[in-house]
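Student: Build me a structure from this.
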Amino acid sequence: MLTILQFDAASASALTRLLADGRLPTLAGLRERGVWHELDAPATQFAAGAQHSLYSGVELGDHGLFYPFQWSAPEQRVHYMGAFHAPPPVWERLGRSGTRTLAVDPYESRPPVEAPPGELVCGWQLHDRVVLRQWASPTSTHRRLERLFGPPQPVDEVFGRHTVREMLGLRRRLLAAPGRVADAAELLLAEQPFDLAWLTFCAAHVAGHQFWDLSQLDPAGLDADAERVLGGTLDDVYAAVDAALARVLRSLPADADLMVVSPVGMDVNTSRADLLPEMLRAILDPGSASERPDGTQQPSAPGSIWRLRAALPSGARAKVASALPEKVALELTSRLEMRGVDWSTTRAFAHPAENQGYIRLNLRGRERDGIVAPEDAKDLMDEIAAGILTFTDLDGSPAVRSVDRVSELFGTGDRAHQLPDLIVRWVDTPATRIEGVRSERFGTVLRHGVGSGRSGNHTEGDAWALVVPGASRHAQPSRPPRLEDVAATAAALSGADTADMAGEPLLQR
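Tutor: You can find the predicted model right below:
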């Protein structure tokens, strides 16, 4: 049996500190028994794409999924990611030959097309209508677990500043979540044998975004007690994951093979992606800028969703979203992402994002309403990149590290056409308190509100796998280990042919 324990979006620096402090004894013990692999994970430039590569073993350019709300060129609009083809996760692939899988809360997943043998459940420890939607196979699994352990707690993310009360409530839900994974695993592992168990501890992911620091918190009501409690939340959630890992390990067969994995990293939020739509507007349509009383130039970009988010308090938006059916809320968000754009004059646009910045050309022959001739694409991308690189933070310090062409990184995959054309990579300095960016050539772009409200965000790199053999032994891949190797390991230990998979096994019989 292979058990994969996903310590999701774990911060490398936080893990190092907590291991040194003795607060993660279970992970420390596994590190003494296993081999730690840093994983090459190019999908971490597209953080949401990393999960699909992890579960399926399919490379980013071949699945083309990189953000929960993604552009559809044939329809000239944004859709929720469920509208796009996704590669089957490895447990569906292996289920066709009888492999029995226990999967709990695979992140950004969807119900199986072909139900594999075993028990699969999502939205169990926590529920988020975007990335942890509720489904189960068999469908009775969710109802049974709820009857025994209670319903999952909602953690729907609403971009913007949050109150102390909201964050204290989120802290309580996150601390309880890892134990719910262990509850389900202990119950189901005791009832039947499984060939593969894949358990995802999502609380670490959410805590990293919301509790990296308190820079995004509304200071009203933040007394010394609340500051001390909220300031320790990330460490406390990691410790709760470690305690839940210990419970799961006690439930496994003595000869079980183990992998602890994290497909993306976490650190301070450096993103300025909410400013990118108006930066791009200033470059491509400088006449649209209007001078403010203080002399700054503020582009009047049509209907940026960041303007709407800033105009309405996060609490009010949360109430509206919770009152809507899930499908309606997702469709509304999709429609709002690019509202008001005149495609007959738009040469390029900022794709929805909250980490790296993404830019896509309105390319003739690819987009339904494309206006940019293919032979002009190179020059337009050069113009955009040069313009973006002129922007700095308001204090003159660098804001942009590079502007990279996606075709040079992921241009050969079957679904690379779904990816944006340019990635804007920000510098590594915190962006949670900046008020805008400026360019000597294109003027000043001021932030609406506080951006995403995340104090932590994903890093490029920092994917890892801790491999602890049981009945198997270590395998040495022919090149540096990669994210896709995790699914290949699950396939190999189930006896499947991995010749057509991008990854190479890290364990062998």
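
Student: residues in contact with the residue lying closest to Asp267 once chain neighbours are set aside?
Tutor: Of all residues not flanking Asp267 in the chain, Thr459 sits nearest, at 4.9 Å (CB to CB, 6 or more residues apart in numbering). No exception for glycine: its C-beta is placed from N, CA and C like everyone else's. With contacts defined as CB atoms under 8 Å, 6 or more residues apart in numbering, Thr459 is in contact with Ala12, Thr44, Val264, Gly265, Met266, Asp267.

Student: was I right about the last one contacting Leu234?
Tutor: No - shown here, Asp267 and Leu234 do not form a contact pair, counting by CB atoms under 8 Å, at 11.3 Å.

Student: Give me the common contacts of the two.
Tutor: When contacts are counted by CB under 8 Å, 6+ apart, the set common to Asp267 and Leu234 consists of Ser11, Trp212, Gly456.

Student: Relative to Ser215, how far out is the closest residue in space to the second one that isn't next to it in sequence?
Tutor: Spatial nearest neighbour of Trp212, excluding adjacent residues (CB to CB, 6+ apart): Gly456 at 2.8 Å. From Gly456 across to Ser215, the span is 10 Å (CB to CB, to the nearest Å).

Student: More neighbours: these two, which one.
Tutor: Gly456 (27 against 16; other CB atoms under 10 Å).

Student: what's the distance between the more buried one and Val403?
Tutor: In terms of CB to CB, Gly456 sits 24 Å off from Val403.

Student: Double-check Ser48 against His63; I have them as touching.
Tutor: You called it Ser, but residue 48 is Ala. No - using CB under 8 Å, Ala48 is not in contact with His63; the gap is 11.1 Å.

Student: just checking, what packs against the helix or strand harbouring Ala350?
Tutor: Following DSSP states H and E, one finds Ala350 within strand 348-351. Contacts defined by 3 or more CB pairs under 8 Å, 6 or more residues apart in numbering; DSSP states H and E place strand 348-351 against helix 276-284, strand 357-361.

Student: Can you tell me the strand partners of it and which way each runs?
Tutor: strand 357-361 (antiparallel) (DSSP bridges).

Student: Next, the angle from the strand it pairs with to helix 276-284.
Tutor: 50 degrees (axes from the mean of the first three to the mean of the last three CA atoms, to 10 degrees).

Student: For strand 357-361, give the mean pLDDT please.
Tutor: Mean pLDDT, strand 357-361: 97.

Student: Check the offset of that strand from the chain's centre.
Tutor: What separates the centre of strand 357-361 from the centre of its chain is 18 Å, taken as CA atoms, centre = their mean, to the nearest Å.

Student: With stretch 55-75 instead?
Tutor: Counting by CA atoms, centre = their mean, stretch 55-75 comes out at 13 Å from the chain centroid.

Student: repeat for stretch 110-126
Tutor: Worked out by CA atoms, centre = their mean, stretch 110-126 lies 19 Å from the chain centre.

Student: Now do the end-to-end distance for it.
Tutor: 15 Å (CA to CA, to the nearest Å).

Student: Verify the contact between Ala475 and Gly503 for me.
Tutor: No - contact criterion CB under 8 Å: Ala475 and Gly503 do not qualify, at 11.3 Å.

Student: The two: who's more crowded?
Tutor: Higher neighbour count among Ala475 and Gly503: Gly503, with 27 against 17, using other CB under 10 Å.

Student: Who are the contact partners of that one?
Tutor: With CB under 8 Å, 6+ apart, Gly503 has these contacts: Gly57, Arg482, Leu483, Glu484, Asp485, Val486, Ala487, Ala488, Thr489.

Student: can I get those residues in CSV with secondary structure?
Tutor: Shown next, in CSV, are these (DSSP: H, G, I helix; E, B strand; the rest coil):
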residue, secondary structure
Gly57, coil
Arg482, strand
Leu483, coil
Glu484, coil
Asp485, helix
Val486, helix
Ala487, helix
Ala488, helix
Thr489, helix
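
Student: got these as TSV, with distance to Asp156 columns?
Tutor: Listed next are the contacts of Gly503 as TSV, based on distance: CB to CB, whole Å:
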residue	distance to Asp156
Gly57	30
Arg482	32
Leu483	27
Glu484	30
Asp485	33
Val486	28
Ala487	29
Ala488	34
Thr489	33
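
Student: of those residues, closest to Ser439?
Tutor: Leu483 (36.0 Å; CB to CB).

Student: The closest one - nearest residue in space that isn't next to it in sequence?
Tutor: In space, and not counting its chain neighbours, Leu483 is closest to Ala41: 4.0 Å by CB to CB, 6+ apart.

Student: Can you name the residues that contact that neighbour?
Tutor: Ala50, Ser53, Pro263, Val264, Gly461, Ala463, Arg482, Leu483.

Student: I'd like those written out as a markdown table, with neighbour count, distance to Phe410 and secondary structure added.
Tutor: Shown next, in a markdown table, are the contacts of Ala41 (neighbours: other CB atoms under 10 Å; distance: CB to CB, whole Å; DSSP: H, G, I helix; E, B strand; the rest coil):
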| residue | neighbour count | distance to Phe410 | secondary structure |
| --- | --- | --- | --- |
| Ala50 | 28 | 13 | helix |
| Ser53 | 29 | 11 | helix |
| Pro263 | 30 | 17 | coil |
| Val264 | 29 | 16 | coil |
| Gly461 | 16 | 16 | coil |
| Ala463 | 29 | 16 | strand |
| Arg482 | 24 | 14 | strand |
| Leu483 | 29 | 14 | coil |
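
Student: Gln76 and Leu363, how far apart?
Tutor: 12 Å.
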